[in-house]
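Peer 1: Provided below are the primary sequence and the corresponding predicted coordinates.
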Amino acid sequence: MLGREYKSCRWRHHLHSGASALKKNKRVSFFQSFNMAAARRLKRVAASQPGFLHLKSTSDSIDSMSSRRKRVNKNKKKNWNKHSDIIDVEEFLEDVRHQERTTGGLLSEKSDDSLFFVDVGQSKKAEQKEAESIEGKKRKGKTSRPLRIDLILQHDSLVPPPKDVLAYQQPNAKKLRRIAQKAEQLAAKGVVPRRQKQLPNRRPVDRKAKKAVTEANNNPDREYYDIWGQESKDSADPWYLQQTGKKLVTRPEKLNEKPSVLPAVEVIAPGGSYNPDFFSHQALLQEAHDVEVKKQKEEDKIQRQLAINKEDRATEETTLREQVEGLVEEENEEDTAPNEEEGGVAVGAIALAEKKTERQRKRQKADKIKEQQRLSDRRQTEQRQQLFQLRSIKSSIKQQEKKTKDKQKLRKAKQEAQKGQPRRLGRLKFQAQDLEVQLSDELAGSLRQLKPEGSVLKDRFKSLQKRNLIEPRERAKFKRIHKLKYVEKRAFREIT
């Protein structure tokens, strides 16, 4: 019983699925037939153009039409355009564009006179002239032809450029048109606008100022105006300009100063030439020699400071003295310690016992007043004596002023000298570049045999440091974080 019910259910399912598949196939065939009909209609429209002439061959389209069409499920919308046959329509449009580029329009719309002409031959006079011109060209030489690049850059399309719609548009055209129409209506009625009534009451325009604004640049009589001048043209209140932010902040004068007075490119001495004079070359060698001697002296000084003095070496006597040092002094300190304590107690007792009486205090106070009076009298007498010493005082003041002026001059001269020297901008000190000099036996007689000295890149880098534009630097040192691990591979073991 159960088996029969199961078989009947399976049979119903097969029937239902078969019916749905049949409906689906009908729907697919309907869409396929619809697309095919649309493609045929497009072909008929392209082929039915009146007097249309093909410039390109249609062999590809015929081959593509003859080939078997691929069967695709066009039930979905995304496959309609993807698998529709529009090759013939694209060929037709491409042919139309090709005719517009080459002939300036469709051939079917052209007149017969522009496409055809009757060849009736050439007259004898024209043939003679042509022969004479050919002979003249042969005599003169090869005829000049345009360059290939000029031919490539020429405009070869006969399609007219599109019309620029924006060039004909006017901003607020509708509003201006409405205002003009209203003005015409008022003028027809005899009404004068308010603005036109107020024209006579206006102040006369300053023609000179307007002329100065619109004056031509090539006028030799115009006034000179320095655009980079420091004079401000604002005549308003300076406080108002400052509060409103219209007044520019005054630039500090220190910002206008250059960091160094040295030139960007320093010219080498005459002795550095490829074929220098003997004396100039010897002067340059002497300068390089002085630099090397100075370096050697500095190195010797450091070696002397680090050297060990033989007299300072330890001997048996000095080591024994160091070992015994302090033993005898400790005994003396133990003996003298109680005496010092007793003496301190006695001094303290005496100090406590001494106490001044009232008579002693009064006498001390009177002595203090007398001393103050004596000092004031002495000061007054010295001031009176200075009246007779005005000449000497003036001379001393002049000498002091002269000394201060001399110090100021020295200070200014030192500052001017320091302008040409590199400053300390970082933790490193500037190290001058070595002189580029060749020895007497290394000199070359010509530029071809000259050997280059130094590096241009290094010279520019040192020049930036010398002119205080960048701080002196040193090459970054590579520091390995992880230690290298050496692995002995199998191939190396086989060799060893």
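Peer 2: Arrived safely. Just so it is clear, the structure is predicted and the values come from calculations on it, not from any experiment.
Peer 1: in the stretch 351-496 of the chain, what spans have low per-residue confidence?
Peer 2: Across the stretch 351-496 of the chain, the ranges flagged by pLDDT under 70 are 351-353, 492-496.
Peer 1: what do you get for the chain?
Peer 2: 1-70, 130, 133-143, 203-218, 220, 222-236, 328-353, 492-496.
Peer 1: Could you rerun that using 80?
Peer 2: Applying pLDDT under 80 to the chain picks out residues 1-72, 74, 81-85, 120-144, 156, 198-249, 310-312, 326-354, 488, 490-496.
Peer 1: so how far is K429 from E299?
Peer 2: 16 Å (C-beta to C-beta, to the nearest Å). C-betas here are computed from N, CA, C, even on glycine.
Peer 1: Could you do Q465 as well?
Peer 2: Distance, Q465 to K429, using C-beta to C-beta: 11 Å.
Peer 1: between those two, what contacts are shared?
Peer 2: Residues touching both Q465 and K429 by C-beta atoms under 8 Å, 6 or more residues apart in numbering: P472.
Peer 1: neighbour count winner among these two?
Peer 2: Per other C-beta atoms under 10 Å, whichever of Q465 and K429 has more neighbours is Q465, with 20 against 9.
Peer 1: Go ahead and list the helix or strand containing the more buried one.
Peer 2: helix 456-466 (DSSP states H and E).
Peer 1: can you give me the offset of that helix from its chain's centre?
Peer 2: With C-alpha atoms, centre = their mean, to the nearest Å as the basis, helix 456-466 stands 21 Å off its chain's centre.
Peer 1: Now do it: everything it contacts.
Peer 2: For helix 456-466, using C-beta under 8 Å, 6+ apart, the contacting residues are 260, 262, 264-266, 422, 430, 432-433, 470-473.
Peer 1: Restricted to buried residues, select those in ChimeraX.
Peer 2: Here is the ChimeraX selection string for the buried members of the contacts of helix 456-466, based on 16 or more other C-beta atoms under 10 Å:
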select :260,262,422,430,472
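Peer 1: export the contacts of helix 456-466 to a markdown table and tack on distance to K368 and secondary structure?
Peer 2: As requested, those are arranged in a markdown table below (distance: C-beta to C-beta, whole Å; DSSP: H, G, I helix; E, B strand; the rest coil):
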| residue | distance to K368 | secondary structure |
| --- | --- | --- |
| S260 | 65 | coil |
| L262 | 68 | coil |
| A264 | 74 | coil |
| V265 | 78 | coil |
| E266 | 74 | coil |
| P422 | 63 | coil |
| F430 | 64 | coil |
| A432 | 68 | coil |
| Q433 | 73 | coil |
| I470 | 69 | coil |
| E471 | 64 | coil |
| P472 | 65 | coil |
| R473 | 69 | coil |
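Peer 1: Can you add distance to G454 and give the contacts of helix 456-466 back as TSV?
Peer 2: Output for these, formatted as TSV (distance: C-beta to C-beta, whole Å):
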residue	distance to G454
S260	21
L262	18
A264	17
V265	14
E266	13
P422	19
F430	17
A432	13
Q433	8
I470	19
E471	22
P472	18
R473	19
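Peer 1: from the contacts of helix 456-466, which single one is nearest E127?
Peer 2: Relative to E127, the closest of the contacts of helix 456-466 is V265; by C-beta to C-beta it sits at 73.1 Å.
Peer 1: what's the neighbour count on F92?
Peer 2: If we define neighbours as other C-beta under 10 Å, then F92 has 20 of them.
Peer 1: State the distance from K409 to E253.
Peer 2: 22 Å.
Peer 1: do the same with T381
Peer 2: T381 sits at a distance of 53 Å from E253 (criterion: C-beta to C-beta).
Peer 1: Give the residue from the two that has the larger number of neighbours.
Peer 2: T381 (10 against 7).
Peer 1: what about that one, helix or strand, and which?
Peer 2: Using DSSP H and E, T381 maps to helix 358-386.
Peer 1: which residues sit in contact with L158?
Peer 2: E100, R101, T102, T103, G104.
Peer 1: what about the residue nearest to the third one when sequence neighbours are not counted, which SS state?
Peer 2: So the one you mean is T102. Excluding its sequence neighbours, the residue lying closest to T102 (C-beta to C-beta, 6 or more residues apart in numbering) is L158, at 6.8 Å. The three-state label given to L158 by DSSP: H, G, I helix; E, B strand; the rest coil is coil.
Peer 1: how close does L158 sit to L425?
Peer 2: Taking C-beta to C-beta, one finds L158 at 70 Å from L425.
Peer 1: do R304 as well
Peer 2: Counting by C-beta to C-beta, the gap from R304 to L425 is 32 Å.
Peer 1: higher neighbour count, the two?
Peer 2: More crowded of R304 and L425, by other C-beta under 10 Å: L425, with 15 against 8.
Peer 1: what's near enough to touch the more buried one?
Peer 2: Neighbours of L425 in contact, by C-beta under 8 Å, 6+ apart: N468, I470, E471, P472.
Peer 1: I'd like those written out as a markdown table, with distance to K451 added.
Peer 2: As requested, these are exported to a markdown table (distance: C-beta to C-beta, whole Å):
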| residue | distance to K451 |
| --- | --- |
| N468 | 33 |
| I470 | 30 |
| E471 | 33 |
| P472 | 29 |
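Peer 1: Let me know the closest of those to Q415.
Peer 2: For the contacts of L425, the nearest to Q415 is N468 (14.1 Å; C-beta to C-beta).
Peer 1: Just confirm the closest one contacts E257, I think it does.
Peer 2: No. At 11.2 Å, N468 and E257 do not qualify as touching, with contact defined as C-beta atoms under 8 Å.
Peer 1: what about those two, which has more around it?
Peer 2: Remark: of N468 and E257, N468 carries more neighbours, 18 against 10, as counted by other C-beta under 10 Å.
Peer 1: quick one, phi psi at the more buried one?
Peer 2: Backbone geometry at N468, expressed as degrees, to the nearest 10, gives phi 60, psi 30.
Peer 1: can you pull the contacts of the spatially closest residue to it that is not a sequence neighbour?
Peer 2: Nearest non-adjacent residue to N468, counting by C-beta to C-beta, 6+ apart: P259, 4.0 Å away. By C-beta under 8 Å, 6+ apart, the residues touching P259 are R467, N468, L469.
Peer 1: what's the helix or strand for P259?
Peer 2: Per DSSP H and E, there is no helix or strand for P259.
Peer 1: and if you look at K129?
Peer 2: With DSSP H and E as criterion, K129 is part of helix 124-140.
Peer 1: quick revisit: dump the contacts of L158 to CSV, plus neighbour count.
Peer 2: Converted to CSV, the contacts of L158 look like this (neighbours: other C-beta atoms under 10 Å):
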residue, neighbour count
E100, 15
R101, 12
T102, 14
T103, 15
G104, 13
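Peer 1: Quick check: helices, which of the residues you listed are part of them?
Peer 2: Among those, DSSP state H puts E100, R101, T102, T103 in helices.
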